[in-house]
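# compute the structure for the input listed below.
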Amino acid sequence: MAMAPAEMKEGKAVTARSSKNTSKVKDFWYKNVCGKITNPTGAEDSRADSQADSRADSQADSRADSQADSQADSQADAVKSMVGDQVKAEAEKQQAKSKAFLRSLRPSELHGLAGLLDPDDNWRSLAAHIRNPGGEFRYSMVHIRKFEAVQRCGKSPTVELLYDWGTTNITVGQLHQVLCESGFTSAAVTLLPGVSLPDTGKPYSHSLLVVQCSDALLEKENVHTGQPCTSNTRGFAPTMVYADPCNPMLKKNEHFSSNFCNRAHSDTCGATEVASYGDVQPVEFSTLLHITKNFNNEPVKEGGSWLGEGGFGVVYLGHLNDKLVAVKKLSNQCEEGSDTMRKQFLQEIHTLASCRHKNLVELLGFSCDGPQLCLIYAYMSGGCLTSRLTCTDELTPLSWAARLDVAADMSRGLAFLHQQNHVHRDIKSSNVLLDENMVAKLADFGLVRTGEAGGATALTSTVVGTTVYMAPEALRGEIVAISDVYSLGVVFLELLTGLAPYDEQREPVLLSSLVEELEEEARTIDEVMDRRMGMVDPKALECFLSLACRCLAERKRKRPSAAEVLQDVQEVSTL
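Okay, the predicted model is just below:
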């Protein structure tokens, strides 16, 4: 049915109104319903603004931090560069100094080294390590003694040594190398602080190598068990005898764990271990007071008990169970030296209790329950070899045959000691004691060290011994049995000549240097032999001198062993 025009117009109007109403509904829905759901409080805009501000602040802080970090890095790089330049400059300076001649060192630098090397005679070990360009050692014992003379005049032996060595165009770097090889790390660092330490194959220590050498020969110490004896011993040990198990005075001391022995336990061996050594028994200090008349310091000839005195103690005569004994009372020392004294005390007990031989002194007893440590030995009526060679107190001179017997006894005892893998380290005439039958025994075992297996060389940071008897390698800190043979050679020259091992009023000053004069035929054996020993077969004299010279070879590999020395002495005795 067709719609009238009026109806059509009305329909369009209705449709238009409906569409308009729909549009209003949508607008209302979105504004009132959707708006209330998504932003019911109207805070969305505020949150958005806050987030925007936060992002802006964060970005600003980040930029500031980045700029600060960049600035700090730049400053650090600048500092590193500056320090690097300074280190490089200092290294270049030290390298240049190392190439300079030793004689260019300022006096203040020389005396700085002297401050490290003069104490305890450390310069001696340095001198013992210095070689000539050809490889041979530059300084002999004669040179060492000359430097000592400088020291007695109040000058520095280290400075004089460096002055002398500097005349050979040696460089500071070469001195640095020798200081390192000698173990004087502190001195090396002081000399060239910017130069790294070379690899010497040895562990470095900032402590100096201490050379503990006795010069008591110059002071004429009198220590022995019989007659007065000119000695340079560091801790003389008179001859000993086996203990008497039935002796009531030699008690199995149940209170042996004294303060000393407890302290000594951590150093060498414990009190229980010492007490377990068979015949070697502890003796109460009160007993020693009784048998020595309270350690009477008047000489024996004047009714007292005093026999002699050495660097580490005083020796007294006593009567123990109807036997004459010599009691060595060790000196009280400061705490710094007490550890060394305790170690030597225990070392002597350990060695003599475990090594029994007719040519080694025999330990009788010891005491450590009193204020001072004591060692007890048998009284040796023959005295020490030094006193017999110098004929102290008008003693009868030793005959040639008696001197050969002494040489054989010494060699036999030393060979046994070396077989037990021990190095004596202080062989000298004052450490050779004679009994009533003139049998010689080696004494003073406080410095004994166990050697390396197979005769290998061990090293020590503390060089000990008596310089005029010491082998060149011993002065450098080596511990090897063949060094004892060198010392034996010096004693053999004493037997041959009757001369002291050192005499400033004599030429040569060192008895060991006599070998060079004899080899160069500047002197003959007839000129130097001791006439007091009577008639001697010239061939025997020559053979014995040749043996002494071989013992005194500078290179240790050229020396005979103690067992070979014994065999040669026995052959000389048959001539």
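
# any stretches of this protein with poor pLDDT?
Where the chain drops to pLDDT under 70, the residues are 1-54, 56-57, 60-61, 73, 75-91, 194, 196-278, 310-312, 332-338, 451-465.

# could you chop it up by domain?
102-189, 240-378, 385-573 (automatic domain parsing).

# right, and the ones you listed - which one's nearest Ser70?
Closest to Ser70 of the domains of the chain, according to Cβ to Cβ: domain 102-189, at 40.0 Å. Any C-beta I mention is one placed from the backbone N, CA and C, and that applies to glycine too.

# name the surrounding residues that touch the helix or strand containing Asp568.
Assigning secondary structure by DSSP states H and E places Asp568 in helix 562-573. The contact list for helix 562-573, computed with Cβ atoms under 8 Å, 6 or more residues apart in numbering, reads 401, 404-405, 407-408, 411-412, 414-415, 417-418, 481, 484-485, 488, 540, 543-544, 547, 551, 560.

# again, only using 7 Å
By Cβ atoms under 7 Å, 6 or more residues apart in numbering, the residues outside helix 562-573 that reach it are 404, 407-408, 411-412, 414-415, 418, 484-485, 488, 540, 543-544, 547, 551.

# what two of those residues have the greatest distance between them?
It's His418 and Ala540 that sit farthest apart of the contacts of helix 562-573, by Cβ to Cβ, at 25.8 Å.

# more neighbours: which of these two?
Between His418 and Ala540, His418 has the larger neighbour count (other Cβ atoms under 10 Å), namely 20 against 16.

# what's the burial count for the residue lying closest to that one once chain neighbours are set aside?
Spatial nearest neighbour of His418, chain neighbours left out: Ala481 (4.5 Å); criterion: Cβ to Cβ, 6 or more residues apart in numbering. Using other Cβ under 10 Å, Ala481 has 24 other residues around it.

# just the one 3 residues further on next, same as before
As a burial measure, Asp484 scores 28 neighbours (other Cβ under 10 Å).

# OK, contacts around it?
Contacts for Asp484 (Cβ under 7 Å, 6+ apart) come out as 414, 423-424, 427, 562.

# quick one, phi/psi of it?
Backbone geometry at Asp484, expressed as degrees, to the nearest 10, gives phi -60, psi -30.

# gap between it and Leu447?
The spacing between Asp484 and Leu447, counted by Cβ to Cβ, to the nearest Å, is 11 Å.

# try Leu113
The gap separating Leu113 from Leu447 is 29 Å, by Cβ to Cβ.

# buried stuff in the helix or strand hosting Ser286?
Assigned by DSSP H and E, Ser286 falls within helix 285-291. When burial is assessed from 16 or more other Cβ atoms under 10 Å, helix 285-291 yields the following buried residues: 285, 287-289, 291.

# so which of those comes closest to Lys93?
Phe285 (62.1 Å).

# give the contact list for that closest one.
When contacts are counted by Cβ under 7 Å, 6+ apart, Phe285 touches 367, 369-370, 374.

# helix/strand/coil for the residue lying closest to it once chain neighbours are set aside?
Leaving aside its sequence neighbours, Phe285 sits nearest to Gly370 (Cβ to Cβ, 6+ apart; 2.7 Å). What DSSP: H, G, I helix; E, B strand; the rest coil gives for Gly370 is coil.

# same check on Arg557?
helix.

# and Phe366, what does it touch?
Phe366 is in contact with 280, 282-283, 349, 374-376, counting by Cβ under 7 Å, 6+ apart.

# can you tell me which two in those are farthest apart?
Val280 and Cys374 (13.0 Å).

# re the thing from before, ok, which pair from the contacts of Phe285 is furthest apart?
Across those, no pair lies farther apart than Asp369 and Cys374, at 9.7 Å, counting by Cβ to Cβ.

# looking at these two, which one has more neighbours?
Neighbour totals were compared for Asp369 and Cys374, and Cys374 leads with 24 against 19 (other Cβ under 10 Å).

# Asp322 and Asp503, how far apart?
43 Å.

# okay, the two: which has more neighbours?
Asp503 (15 against 7).

# my guess is the more buried one contacts Val509. True?
Yes. Using Cβ atoms under 7 Å, Asp503 is in contact with Val509, at 6.4 Å.

# list the contacts for Val142?
By Cβ under 7 Å, 6+ apart, the neighbours of Val142 are 508-510, 513.

# can you give me the strands in the stretch 401-550 of the chain?
422-423, 432-434, 440-442, 449-450, 458-459, 462-466, 478-479 (DSSP state E, counting those that start in this stretch).

# contacts for the second one?
Contacts to strand 432-434, defined as Cβ under 7 Å, 6+ apart, come from residues 225, 238-239, 361, 380, 382-385, 388, 406, 410, 440-443, 491.

# tally of neighbours for the nearest residue to Ala100 once chain neighbours are set aside?
What sits nearest to Ala100 in space, not counting adjacent residues and going by Cβ to Cβ, 6+ apart, is Val172, at 5.4 Å. For Val172, the neighbour count with other Cβ under 10 Å is 23.

# so what does Val172 look like in phi/psi?
Taking degrees, to the nearest 10 as the convention, Val172 sits at phi -60, psi -40.

# so what's the closest residue to Ala553 other than its chain neighbours up against?
Of all residues not flanking Ala553 in the chain, Arg559 sits nearest, at 4.9 Å (Cβ to Cβ, 6+ apart). Applying Cβ under 7 Å, 6+ apart to Arg559 gives the contacts 482, 485-486, 550-551, 553.

# which among these count as buried?
482, 485-486, 550-551, 553.

# ok, those residues vs Thr190, which is closest?
Using Cβ to Cβ, Tyr486 comes nearest to Thr190 of these, at 33.3 Å.

# tell me the contacts of the closest one?
Taking Cβ under 7 Å, 6+ apart as the test, what Tyr486 contacts is 471, 551-552, 559.

# ok, Trp123 touching Leu162?
No. Shown here, Trp123 and Leu162 do not form a contact pair, counting by Cβ under 7 Å, at 9.0 Å.

# measure Ala353 to Val361 for me?
Going from Ala353 to Val361 by Cβ to Cβ gives 12 Å.

# more neighbours: which of those two?
The neighbour count for Ala353 versus Val361, taken as other Cβ under 10 Å, is higher for Val361 (27 against 17).

# isn't the more buried one up against Ala443?
Yes. Val361 is in contact with Ala443 according to Cβ under 7 Å; the separation is 4.5 Å.

# counting neighbours, what do you get for the residue lying closest to Arg425 once chain neighbours are set aside?
Distances taken as Cβ to Cβ, 6+ apart place Leu447 nearest to Arg425, at 4.4 Å, with adjacent residues excluded. By other Cβ under 10 Å, the residues close to Leu447 number 22.

# pretty sure Leu447 sits against Asp426.
Yes. The criterion here is Cβ under 7 Å, and Leu447 meets it with Asp426 at 4.9 Å.

# out of the contacts of Val142, which end up buried?
For those, buried by 16+ other Cβ under 10 Å: 508-510.

# let's have these in TSV, adding distance to Ser573.
Formatted as TSV, the buried ones among the contacts of Val142 follow (distance: Cβ to Cβ, whole Å):
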residue	distance to Ser573
Pro508	29
Val509	32
Leu510	28
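
# of those residues, just say which sits nearest to Ser140.
Of all these, Ser140 sits closest to Leu510, with 7.8 Å by Cβ to Cβ.

# OK, contacts around the closest one?
Residues counted as contacts of Leu510 (Cβ under 7 Å, 6+ apart) are 141-142, 145, 468, 502.

# which ones among the residues you listed lie within helices?
The helices, defined by DSSP state H, take in 141-142, 145 from the contacts of Leu510.

# of the contacts of Tyr486, which is the nearest to Val189?
Of all the contacts of Tyr486, Val189 sits closest to Ala471, with 29.9 Å by Cβ to Cβ.

# tell me the contacts of the closest one?
For Ala471, the contact set (Cβ under 7 Å, 6+ apart) comprises 483, 486-487, 556.

# filter the contacts of Leu510 down to the buried ones.
Judged by 16+ other Cβ under 10 Å, buried ones among those: 141, 145, 468, 502.

# tell me the SS of Ala553?
For Ala553, the assignment made with three-state DSSP gives coil.
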